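# need a 3D model of the following:
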Amino acid sequence: MKFTTLIPTTRNDGTPIKPSYLQRLVYALWRPFRGMMEDGFVTGHWIDENGQEFTDVCLKLHIECERSRLFEAITAVRRLGRKLRQRAMYFEVAGYDGVQILRIE
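Predicted coordinates:
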């Protein structure tokens with residue numbers, strides 16, 4: 001399976017994330033799965049359940065692994081979201097489960 005996630009470059013309060021810290025987190029995310037493709041930076045927009053609107057510049061990543069590792073992939077993205085103090089993280093599985101917004105809290 002191939003999953004895609006967007007890694008925000010700022011915290012929900014707008015505080016920038018240091019590039020060196022971001023790269024360490026990205027490495028820790030993909031390394032257990034043994035490979036990834038980085039698409040570069042994209043801009044995303046979303047509105048949370050309270051109606052608050054967010055615009056984020058994110059690093060777009062694609063990671064491929066065995067389908068049996070879906071739960072591990074979801075857990076890894078949620079863990080990264082907690083480290084970045086996000087409310088939610090974008091998570092999409094190509095050809096399997098579609099887009100999910102993983103709640104972090």
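# going by C-alpha atoms from here, please, whenever you check contacts or count neighbours.
OK.
# can you give me the helices in the protein?
19-30, 70-83 (DSSP state H).
# check the gap between residue 21 and residue 60 for me.
From residue 21 across to residue 60, the span is 16 Å (Cα to Cα, to the nearest Å).
# show me what contacts residue 44?
The contact partners of residue 44, taken as Cα atoms under 8 Å, 6 or more residues apart in numbering, are 55-58.
# report pLDDT for it.
Confidence at residue 44, expressed as pLDDT, is 92.
# check residue 96 too.
Each residue has a pLDDT score; the one for residue 96 is 67.
# compare residue 21 and residue 60 and say which one has the larger neighbour count.
Comparing residue 21 with residue 60 by neighbour count (other Cα atoms under 10 Å), the higher total belongs to residue 60, at 18 against 11.
# would you agree that one is in contact with residue 39?
Yes. Between residue 60 and residue 39 there is a contact at 5.2 Å, judged by Cα atoms under 8 Å.
# ok, residue 11 - contacts?
Contacts here follow Cα under 8 Å, 6+ apart; on that basis residue 11 touches 17, 84-86.
# same question but for residue 3, I mixed them up
With Cα under 8 Å, 6+ apart, residue 3 has these contacts: 62-64, 73, 91-94.
# beta partners for it?
Per DSSP bridges, the residues bridged to residue 3 are residue 63, residue 93.
# tell me how many other residues crowd the closest residue to residue 78 other than its chain neighbours.
The shortest distance from residue 78 to any non-neighbouring residue, by Cα to Cα, 6 or more residues apart in numbering, is to residue 104 (5.9 Å). When neighbours are defined as other Cα under 10 Å, residue 104 has 16 of them.
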